[in-house]
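Asks: take this sequence and fold it.
(2 chains)
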Amino acid sequence: MKPASAKRQRRTLLYPTLIVVAIITQIPFLLTIYLSFQSWNLTRPDLGRLFNGVGNYSVEVISAEFGTILLQTLTITAISLVICCLVGLALALLLNRDFFGKGLVQTLLVTPFFVMPVVTGLIWKNELFSPNFGVLTWLAGVVGIEGFNPMANQALFMVSTMIAWQWEPLFMLVLLAGLQAIPEEEKEAARLDGCSRFMVFRFIELPYLFPYYRMVILLGTIFILQAFGEIYVGTAGGPGTSSMNLQYLTYDTAVVGTQVGAASAIGVATLVITLVILTTLMRAANAVVKEA
Amino acid sequence: MSGASAKHKSPVRWGHYAQNAVLWGAVVVIFGPIFWLIVTSFKTDAAAYELPPKILFTPTLEQYAAALQSFWGPFLNSIIIVGVSTAICLLLGVPAAFALSFYAHERNESIVFWFITTKALPQVAVLVPLFVIFRSLQLLDTVWVLIIVFVGMNTPIVVWMMYQFMKDLPRGILEAAQVDGVSLSQMLMQIVIPLTRAGIASTAMLCVIFAWNEFLFSVSFTAIEWQPLSVAVAAQQTARGQFWAQLSAFTTLAIIVPVIVGWLTQKQLVRGLTSGAVK
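Replies: Got it, this is the predicted structure:
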């Protein structure tokens, strides 16, 4: 086949997809930047749409509320990532053996990953922690804890546990795949040399897992920074704004508050912050993997 | 020798059982909430609120009968929106992945990377303009709005995963077919797609799970007419939060599809996600 026709075939197959994805995901973003310099409230057409300069940024982004919610976003992400990394590793190590019922155990453990985030919120809010009929509220009462209402008192931590519950299966599956890729001879040789179980883990399994950790932490961060359904149903960002993240703030400003300009500015700021976080994380992860 | 190993054996077995016990404990903590949700859906309303929680009770289907009345509408919406968007994603993503993996070009790798970066963009960076555009086109709360959004959301995943699967295709077969003068559509339909069937199936299932469970765009762009199940669950929570047993039945019905699809696809899912990323 002539190279010219190969090039044409590649273009025929590739370009429609490139164009569709670019139109849906990139063009709107350019519009976000434009809108972020406008003052525009959808429910107040009488005010019209005006150029507002950097007004939205100076009012909405450089504000105490935005700073607090940014900090909350980082806290939620950090707590749930730490839980996911530890629990995921523990479960992966326990699953990386032969035992009766392994398939069933693994299947049950991955299930939260396939459950809607809104359902996670609903389970936490009603089934587990409802102040009236929650199962864990009742248990807390049995052991004598008074006024147990973590969805109101520890909202930020509760949001983090919801997200960790939702994403832990991914960490477990990926780390398990990593453990299974380790050549058995290497562990066997170490054991024959008198290495303890811990030393096998520390000097053979963990270094092998670094690239898997890098991948799953990056992937997890991308999704966890955007957690929304759990918060919407579980706490509605409250009490007050104490369990909101940036995703929820933008939604709240745009859809509930109908302030197009302000929400756009928050969206742009969220994007910049996300990119900074991901780049930093990628650099750090690459450095760790290289060192190992 | 045999004595030493026998002496060694019993603590190892105990460790084995202890580890199993820890795992089953983890199952109780992690799967327990879902299990209890399902159990609650078979209770009467009074029994659902009873404390201490009732373990033995006469199961009833009355909650399902009531929940089903408001279930079919959003369920059909979800089926249509998720089905059509996933089909379009595959239609767009599979050929693109083939083009990127088969034809040599210096920019292929960076194009694959560009597709992934669209997933790293926070959804809220496009939420506002999409809302404004859909509003002015009068597409809000129609069947199209979420199909369009999910195509943009999931096509990059299809490209990324299918690119990994297609890199493993034996080049010899493809090149031989090319030399034989097989047309492009024959090549795709008769060689590439049959050989990557398993990969396509697991990719499609991942798209189904993501689209079925999506909430931010769904709640922002739909209202009464075309709300999918995720929005309906949230709405039921507000409207029927006080009927916990019935809400449990509704929720159980809402999560069946992605959970079963997920159970079927868990192994390939990890393979598709990790194969290219772990180097």
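Asks: where does the chain dip in pLDDT?
Replies: Picked chain A for this. A:1-4, A:292 (pLDDT under 70).
Asks: think we crossed wires, I meant chain B
Replies: Ranges of chain B meeting pLDDT under 70: B:1-12, B:240-241, B:273-279.
Asks: from the stretch 51-200 of chain A, which residue is nearest to chain B?
Replies: Proximity of the stretch 51-200 of chain A to chain B (Cβ to the nearest Cβ) peaks at residue A:114, 3.2 Å away. For glycine as for every other residue, the C-beta is placed from the backbone atoms N, C-alpha and C.
Asks: my read: that residue touches residue B:262, true?
Replies: Yes - using Cβ atoms under 8 Å, residue A:114 is in contact with residue B:262, at 3.2 Å.
Asks: and for the two, which residues touch both?
Replies: The contact sets of residue A:114 and residue B:262 overlap at residue B:209 (Cβ atoms under 8 Å, 6 or more residues apart in numbering or on different chains).
Asks: mind listing what the closest residue to chain A within the stretch 101-250 of chain B touches?
Replies: Going by Cβ to the nearest Cβ, chain A is nearest to residue B:152 of the stretch 101-250 of chain B, at 2.9 Å. Shown in contact with residue B:152 (Cβ under 8 Å, 6+ apart): A:20, A:21, A:23, A:24, A:25, B:118.
Asks: check residue A:227 too.
Replies: So residue A:227 contacts A:76, A:117, A:159, A:163, A:245, A:247 (Cβ under 8 Å, 6+ apart).
Asks: please, which helix or strand holds the fourth one?
Replies: In this structure, residue A:163 is located in helix A:155-180 according to DSSP states H and E.
Asks: packing partners for that helix?
Replies: helix A:64-95, helix A:102-110, helix A:117-122, helix A:150-153, helix A:206-224, helix A:229-234, helix B:2-40, helix B:244-274 (3 or more Cβ pairs under 8 Å, 6 or more residues apart in numbering or on different chains; DSSP states H and E).
Asks: and it, how far out from the chain's middle?
Replies: When C-alpha coordinates are averaged (Cα atoms, centre = their mean, to the nearest Å), helix A:155-180 and its chain have centres 10 Å apart.
Asks: same deal with stretch B:155-171?
Replies: What separates the centre of stretch B:155-171 from the centre of its chain is 18 Å, taken as Cα atoms, centre = their mean.
Asks: is that stretch up against chain A anywhere?
Replies: Yes - using Cβ under 8 Å from any Cβ of the partner chain, stretch B:155-171 reaches chain A at B:155, B:156, B:159.
Asks: so which bits of that stretch are buried?
Replies: B:155-166, B:169 (16 or more other Cβ atoms under 10 Å in any protein chain shown).
Asks: equivalent analysis for stretch B:84-95, please.
Replies: B:84, B:85, B:86, B:88, B:89, B:90, B:92, B:93, B:94, B:95.
Asks: take those residues and keep only those in helices.
Replies: When these are checked against helices (DSSP state H), the matches are B:84, B:85, B:86, B:88, B:89, B:90, B:92, B:93, B:94, B:95.
Asks: mind putting those residues into TSV with distance to residue A:12?
Replies: Listed next are these as TSV, based on distance: Cβ to Cβ, whole Å:
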residue	distance to residue A:12
B:84	23
B:85	23
B:86	23
B:88	17
B:89	18
B:90	17
B:92	13
B:93	15
B:94	14
B:95	8
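Asks: filter these by proximity to chain A?
Replies: Checking those against chain A by Cβ under 8 Å from any Cβ, the ones in range are B:92, B:93, B:95.
Asks: and the nearest residue to the first one once chain neighbours are set aside, what does it touch?
Replies: What sits nearest to residue B:92 in space, not counting adjacent residues and going by Cβ to Cβ, 6 or more residues apart in numbering or on different chains, is residue A:17, at 4.4 Å. Residue A:17 makes contacts with B:92, B:93, B:95, B:96, B:155, B:159, as judged by Cβ under 8 Å, 6+ apart.
Asks: between all of those, which two are separated the most?
Replies: B:95 and B:155 (11.2 Å; Cβ to Cβ).
Asks: one step back: tilt between the helix holding residue A:163 and helix B:2-40?
Replies: 140 degrees (axes from the mean of the first three to the mean of the last three Cα atoms, to 10 degrees).
Asks: if I take helix A:155-180 and helix A:206-224, what angle do their directions form?
Replies: 140 degrees.
Asks: what residues are up against the residue positioned nearest the centre of chain B?
Replies: Nearest to the geometric centre of chain B sits residue B:209, at 1.6 Å (Cα atoms, centre = their mean). Taking Cβ under 8 Å, 6+ apart, we find residue B:209 in contact with A:114, B:258, B:261, B:262.
Asks: what's the most distant pair in those residues?
Replies: Distance extremes for the contacts of residue B:209: the farthest pair is A:114 and B:261 at 7.2 Å, using Cβ to Cβ.
Asks: so how far is the first residue of stretch B:40-54 from its last?
Replies: 9 Å (Cα to Cα, to the nearest Å).
Asks: for that stretch, which outside residues touch it?
Replies: Outside stretch B:40-54, the residues touching it (Cβ under 8 Å, 6+ apart) are A:127, A:132-133, A:135, A:138, A:142, B:36, B:57, B:59-64, B:67, B:243-246, B:248-249, B:251-252.
Asks: one more time with 7 Å, if that's ok
Replies: Applying Cβ atoms under 7 Å, 6 or more residues apart in numbering or on different chains, the external contacts of stretch B:40-54 come out as A:127, A:133, A:135, A:138, B:57, B:59-60, B:62-63, B:243-245, B:248-249, B:252.
Asks: cool, and stretch A:269-288?
Replies: With Cβ under 7 Å, 6+ apart as the test, stretch A:269-288 has contacts from A:61, A:70, A:210, A:214, A:217-218, A:221-222, A:225, A:246, A:250, B:120-122, B:124-125.
Asks: of those residues, grab the buried ones for PyMOL.
Replies: Burial among the contacts of stretch A:269-288 is assessed by 16+ other Cβ under 10 Å; the matching PyMOL selection reads:
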select buried, (chain A and resi 61+70+210+214+217+221+222+225+246+250) or (chain B and resi 120+121+122+124+125)
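Asks: how about the contacts of stretch A:269-288, which pair is most distant?
Replies: A:61 and A:210 (35.9 Å).
Asks: give me every residue that touches residue 231.
Replies: I'll assume chain A. Residue A:231 touches A:159, A:237, A:243, A:244, A:245, A:248, counting by Cβ under 7 Å, 6+ apart.
Asks: let me rephrase: I mean chain B.
Replies: Residue B:231 neighbours (Cβ under 7 Å, 6+ apart): B:218, B:219, B:222.
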